[in-house]
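> Sequence first, then the predicted structure, then my questions.
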Amino acid sequence: MIRSHTAHLQDTFSRKKGQRLGEALVANLDRPPDVCWLFCAPNKGLADLVVGVHEAIEGQPLIGCTTDGEISSAGFTTGSAVIGGLVSDQIVFEVAAVEDIGENCERSGRALAAELSPTVRYIQLFSDGITGDGSALLRGMRTELAGDIPIAGGTSGDAGRFRQTWQFMGREILTNAAVAVGFSGDFHLGTGVDSGWSPIGLPKKVTRAEGNILYELNGESALEVYERFLGRHAKDLPAVGVEYPLGIIDPTQTADSSDAMLLRATMSVDREAGAIRFAGEITEGTMVYLTCGDRSSILDATETAIRHAIDDLGRDSTPVLVFFYSCMARKMLLGLRTREEFARIRHHIAAEVPVIGFYTYGEYCRPCTGAPSAFHNETATISVIGV
């Protein structure tokens, strides 16, 4: 048996409002959830809200973070709080956290994974979207985990301010941290990933990079390559770069394949060094594309992602809860059409199946079944739990 539900609050945050939000979830589940997700704006009263929710669910495991926009069965909202909960007699949940991830994300990933049981079959991960390196965090987790356990989730946001984000575990509010929930037991999982951006021109080789800073492509200044590509729009870098993310080619694919690109969004520009800082690691020697997309292709990609997740789940399985983690850059480009992302998902999922998620500063998900989980930018990622 697996049952789930979501609830949302579009109001000021307080301990009492948190209690009411949690009570609404408990009432619909007929008991406190075995695990609860909380995603919310970084509003005043945040700490009181978290405590109130935790009290209402009677101290059951709670996990979550602040966001750049919230998603629940009510649809897309901002400045709100959304919660989701699961009750099950066939899944065991455990939560873990690690702090100070900015000092060494790979080491933090190893420590986080070490706190989870070897029986875990699926992990949801929420990490600081400003101080953390999602690729390094995953790399560290993989060294501790047996096999390619699917990891999904997102990096926390702060409503586009890029100052400080928060992560939740129980009634604790953390920052510069990563929190995770592990799933063990009898359940089915389907995942889907797509972005909507298409490659332009020939692939280029990363000839100089350090961490998330790209210095050279094909031996030429990365900034000069982007300036030539963008023309008169280059003066608007890094902001305009959100519309033209870098697409990293999966090294397991052929050099001319664009089927498994990992996108990287521009964050800042160093004009003196001719370098561009991206929201994720870029490794020397990899092949990359410059890419472009539009609102229609972005929305079509969301629909492709949910179809892939349903196919991956299997037609013999019944969805009971959908997790949707999408990038804040997609929200920026979609503007007033952002609500259509949720509508595309709902079109393929029955109305009685709850949906929970948020707009992130980066997404975690496996590119396809059997592949190692990866850190994405500007991508729609979907996980479906089924029975």
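Arrived safely.
> give me phi/psi at Ile349?
Dihedral angles of Ile349 (phi, psi; degrees, to the nearest 10) stand at phi -120, psi 130.
> show me what contacts the nearest residue to Thr175 once chain neighbours are set aside?
Closest residue to Thr175 apart from its sequence neighbours, by CB to CB, 6 or more residues apart in numbering: Trp166 at 5.4 Å. Using the backbone N, CA and C atoms, a C-beta is placed for each residue, glycine as well. When contacts are counted by CB atoms under 8 Å, 6 or more residues apart in numbering, Trp166 touches 42, 46, 65-66, 156, 158, 173-175.
> Now do Trp166 against Leu138, distance only.
21 Å (CB to CB, to the nearest Å).
> which stretches of the stretch 201-350 of the chain have low pLDDT?
251-260 (pLDDT under 70).
> how about the strands in it?
Assigned strands in the stretch 201-350 of the chain, in chain order: 213-217, 220-221, 246-248, 262-264, 266-270, 275-278, 287-292, 319-327 (criterion: DSSP state E, counting those that start in this stretch).
> is it possible to export those strands to TSV including distance to Gly18 and mean neighbour count?
Formatted as TSV, the strands of the stretch 201-350 of the chain follow (distance: least, CB to CB, whole Å; neighbours: other CB atoms under 10 Å):
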stretch	distance to Gly18	mean neighbour count
strand 213-217	40	22
strand 220-221	50	16
strand 246-248	40	26
strand 262-264	35	26
strand 266-270	33	17
strand 275-278	36	22
strand 287-292	41	20
strand 319-327	22	26
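> Could you say which one of those comes nearest to Pro118?
Counting by CB to CB, Pro118 lies closest to strand 319-327 out of the strands of the stretch 201-350 of the chain; the figure is 23.3 Å.
> list the helices and strands the closest one packs on?
strand 2-9, strand 81-88, strand 151-155, helix 295-313, helix 339-346, strand 355-360, strand 363-365, strand 380-386 (3 or more CB pairs under 8 Å, 6 or more residues apart in numbering; DSSP states H and E).
> Can I get those in CSV including distance to Gly134 and mean neighbour count?
Shown next, in CSV, are the helices and strands packed on strand 319-327 (distance: least, CB to CB, whole Å; neighbours: other CB under 10 Å):
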stretch, distance to Gly134, mean neighbour count
strand 2-9, 25, 22
strand 81-88, 22, 25
strand 151-155, 6, 29
helix 295-313, 18, 20
helix 339-346, 21, 19
strand 355-360, 10, 29
strand 363-365, 7, 28
strand 380-386, 12, 27
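> Ok, which of those comes nearest Ala74?
The nearest among these, by CB to CB, is strand 2-9 at 4.9 Å.
> Please state the offset of the closest one from the chain centre?
Between the centre of strand 2-9 and the centre of its chain there are 19 Å (CA atoms, centre = their mean, to the nearest Å).
> Please apply the same query to stretch 226-243.
On CA atoms, centre = their mean, the centre of stretch 226-243 falls 25 Å from the chain's centre.
> Put the alpha carbons of that stretch into PDB.
Coordinates of each C-alpha in stretch 226-243 appear next as PDB, following Å, rounded to 0.1, in the frame of the first residue of the first chain:
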ATOM      1  CA  TYR A 226      30.500  33.300 -27.200                       C
ATOM      2  CA  GLU A 227      30.800  36.900 -28.400                       C
ATOM      3  CA  ARG A 228      31.100  35.800 -32.000                       C
ATOM      4  CA  PHE A 229      28.200  33.500 -31.600                       C
ATOM      5  CA  LEU A 230      25.900  36.000 -29.900                       C
ATOM      6  CA  GLY A 231      26.900  39.100 -32.000                       C
ATOM      7  CA  ARG A 232      25.300  42.300 -30.800                       C
ATOM      8  CA  HIS A 233      23.700  40.400 -27.900                       C
ATOM      9  CA  ALA A 234      27.100  39.600 -26.400                       C
ATOM     10  CA  LYS A 235      27.000  42.800 -24.400                       C
ATOM     11  CA  ASP A 236      24.200  41.300 -22.300                       C
ATOM     12  CA  LEU A 237      26.300  38.400 -21.000                       C
ATOM     13  CA  PRO A 238      26.000  36.700 -18.600                       C
ATOM     14  CA  ALA A 239      22.200  37.200 -18.500                       C
ATOM     15  CA  VAL A 240      21.600  36.400 -22.200                       C
ATOM     16  CA  GLY A 241      23.700  33.200 -21.800                       C
ATOM     17  CA  VAL A 242      20.700  31.600 -20.000                       C
ATOM     18  CA  GLU A 243      19.100  31.500 -23.500                       C
END
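> Fine by me, thanks again.
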